[in-house]
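1. using only what follows, build the 3D model:
(one chain, ligands or ions: 1)
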Amino acid sequence: MKAPVRIALTGAAGQIGYSLLFRIAVGEMFGKDQPVRLQLLEITPALAALDGVVMELEDCAFPLLMGVETSDQPKTAFRDADFILLIGAKPRGPGMERKDLIEANAAIFSEQGKAIDEVANRNVRVLIVGNPANTNALIVQGNAPNIDPRCFTAMTRLDHNRALAQLAKKTGSHVRNLRQMIIWGNHSSTQYPDISQATVNGRRANDLVDKQWLSHNFIPTVQQRGATIIRARGQSSAASAGNAVIDHMRSWILGTPEDDWVSMAIRSDGSYGTADGLFYSFPCRCSDGHYQVVQGLEIDEFSRERMLVTEQELVQERSAIKHLLP
Ligand code: NAX
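-> Numbering: from 1, shown residues only. Got it, this is the predicted structure:
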C-alpha cells in the first residue's frame, strides 16, 4: 500500500464539504490505491456539526481512510498537508456588495495563506474554491511567499464542465466526445466560456452551432448557471462543485489526456496578454503534478473582447484587496 497523503479541507461541515469528503475517502480523487488522512478545518460554531460528519465518515468504514482530525485553527489543520482545499468562505449576506464580500473573505484567506506558508508541506498543492475564488487565490498565494506560486490554483472546472454539458446538449452529442473547451478569466458572471477551439466528435464546434446561439444562449447560460441553480434548488451548487474539485485535483496530479486540456485559474505569467500576477483561468495541460498553459491558440476579436472584460474585473478585485498583499 502507498503511504497516505494528507488532505486538508476548509468549510468541511458545509454543503460542498458534505458531498466531497466521502468521495475523497473512497479514493475517487487520487485512486483506489491511495490512502488518505483528512485534516478538517471549520469555524468554532460549526465544530459540533463537523463532529457529525466525522461520525458518518467513520460509519462508512472506508478502507482507504487512515484518519480524520478536526480543528478550528488553520495552523493545526494545514500542518504537513500535501493537498489543501480551501472551500470555506464567508457567504454573501443581505445587502452586502461584492466589494464587502471580497474584503470579508480577504481577511480569512490572508490568515490561511500565512498558515500554509508556515506549516504545510513545502510541495503542497492548494486549490481555492471559496468565492471570490480567483482573488482569494491571489491573497492566499501572496501571503505564502515561501511556497512556489505554481502550487496555488483556483477552480473554474465547474464552469468548464457546465460548458461541456451545454455544448453536448446543443449538438446532440455526449460530453465524452467533446474536447478542448476553455473557460477564460474569473469564476464569476464575466467569465468567458470559449468554444472556438472545441471539437465535437472531431468536428469543429464552431461549424456546428450558430453565432446567435453562442452569444445569446451558450455564453450567458454558462455564466449564469450558478444563479439559475440557486433559483431552482434554493441553495448553491454543491454536488457538482464537489465533483469539479475531484476533477480539478485528479487532472492536476494525475495528468490530462493527450488530446485534451482543462481550465484552471492560475497565476498569470502574462500568457495571451493577460496582466501578470492575476489568477486568471487558462486552458492547461498537466503531467507529473505540474500544469502548463496551452500556448499559441489563435484569439479572434470576439474572444479578445470577452477575455478583456473578465480580466478587467479581476484587476478591479485586486485593487480592492491591494492592502492585504505583502
Ligand atoms: P456553505 O455555506 O454550505 O459552507 C461553507 C462552510 O465554510 C461553512 O460550514 C462555514 O462554517 C465554513 N467556513 C466559513 N468560514 C470559514 C473559515 N474561516 N475557516 C473554515 N471554514 C469556514 O457553502 P458551500 O456551498 O459549501 O460553498 C463554499 C464556497 O464555495 C462558497 O464561497 C461558494 O461561493 C463557493 N463556490 C465556488 C465554486 C467555484 O466553482 N469556484 C462553485 C460552488 C460554490 O458556489
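2. okay, CA-based contacts and neighbour counts for the rest of this
-> Noted.
3. ok, stretch 105-125 near the ligand or not?
-> Yes: with CA under 6 Å from any ligand atom as the measure, stretch 105-125 is seen reaching the ligand through Ile108.
4. may I have that stretch as CSV, with CA atoms only?
-> What follows is stretch 105-125, C-alpha atoms only, in CSV (Å, rounded to 0.1, in the frame of the first residue of the first chain):
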residue,chain,number,x,y,z
ASN,A,105,-13.0,37.0,2.7
ALA,A,106,-9.7,38.6,2.1
ALA,A,107,-9.2,38.7,5.9
ILE,A,108,-9.9,34.9,6.1
PHE,A,109,-7.7,34.0,3.2
SER,A,110,-4.7,36.1,4.2
GLU,A,111,-4.6,34.3,7.5
GLN,A,112,-4.9,30.9,5.8
GLY,A,113,-2.1,31.9,3.3
LYS,A,114,0.2,32.7,6.2
ALA,A,115,-0.6,29.4,8.0
ILE,A,116,0.1,27.4,4.8
ASP,A,117,3.4,29.2,4.4
GLU,A,118,4.3,28.3,8.0
VAL,A,119,3.2,24.7,8.4
ALA,A,120,2.2,22.9,5.1
ASN,A,121,4.4,20.5,3.2
ARG,A,122,6.8,22.7,1.0
ASN,A,123,5.5,20.9,-2.1
VAL,A,124,1.8,21.3,-1.2
ARG,A,125,-0.8,21.8,-3.9
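5. can you mark which positions in the lengthiest helix in the chain are buried?
-> In the chain, taking DSSP state H as the definition, the longest helix is helix 98-119. For helix 98-119, burial by neighbour count (16 or more other CA atoms under 10 Å) applies to 101-103, 105-106, 108-119.
6. just the strands in the chain please.
-> For the chain, the strands defined by DSSP state E cover 5-10, 36-41, 65-71, 83-86, 125-128, 152-154, 178-179, 182-184, 192-194, 199-200, 203-204, 262-267, 279-287, 290-293.
7. buried ones in stretch 318-326?
-> 318, 320-321, 324.
8. from those, which ones fall inside helices?
-> Per DSSP H, helices hold the following members of these: 318, 320.
9. let's have the buried residues of stretch 318-326 in JSON lines, adding distance to the ligand and pLDDT.
-> Converted to JSON lines, these look like this (distance: CA to the nearest ligand atom, whole Å; pLDDT from 0 to 100):
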{"residue": "Arg318", "distance to the ligand": "17", "pLDDT": "95"}
{"residue": "Ala320", "distance to the ligand": "18", "pLDDT": "90"}
{"residue": "Ile321", "distance to the ligand": "17", "pLDDT": "91"}
{"residue": "Leu324", "distance to the ligand": "16", "pLDDT": "81"}
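10. find the nearest non-adjacent residue to the residue nearest in space to the middle of the chain, please.
-> With distances taken as CA atoms, centre = their mean, the residue of the chain nearest its centroid is Met155 (1.5 Å). Distances taken as CA to CA, 6 or more residues apart in numbering put Val129 closest to Met155, at 5.5 Å, once the chain neighbours are dropped.
11. can you tell me which residues contact that neighbour?
-> 85-88, 154-155 (CA atoms under 8 Å, 6 or more residues apart in numbering).
12. about what we covered before: so can I have CSV of the buried residues of stretch 318-326 showing distance to Gln197?
-> CSV is the format used below for the buried residues of stretch 318-326 (distance: CA to CA, whole Å):
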residue, distance to Gln197
Arg318, 29
Ala320, 34
Ile321, 34
Leu324, 37
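13. at the contact with the ligand, which residues of the chain appear?
-> 10-11, 13-17, 41-43, 46, 87-91, 108, 129-131, 133, 155-156, 158, 236-238, 241.
14. so how do I select the buried members of those in PyMOL?
-> The PyMOL selection below is limited to those of these classed as buried (16+ other CA under 10 Å):
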select buried, resi 10+11+13+14+15+16+17+41+42+43+87+88+89+108+129+130+131+133+155+156+158+236+237+238+241
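15. could you pull out the helices for this structure?
-> 15-25, 47-59, 74-77, 98-119, 133-142, 157-171, 211-213, 219-223, 225-233, 239-254, 301-320.
16. returning to that earlier point: closest to Leu254 out of the strands of the chain?
-> strand 279-287 (6.6 Å; CA to CA).
17. any idea how far Met96 is from Asp300?
-> 37 Å (CA to CA, to the nearest Å).
18. quick check: the residue of the stretch 201-326 of the chain nearest the ligand.
-> Ala241 (4.8 Å; CA to the nearest ligand atom).
19. does that residue really touch Gln15, like I thought?
-> No: counting by CA atoms under 8 Å, Gln15 is not a contact partner of Ala241; they are 9.6 Å apart.
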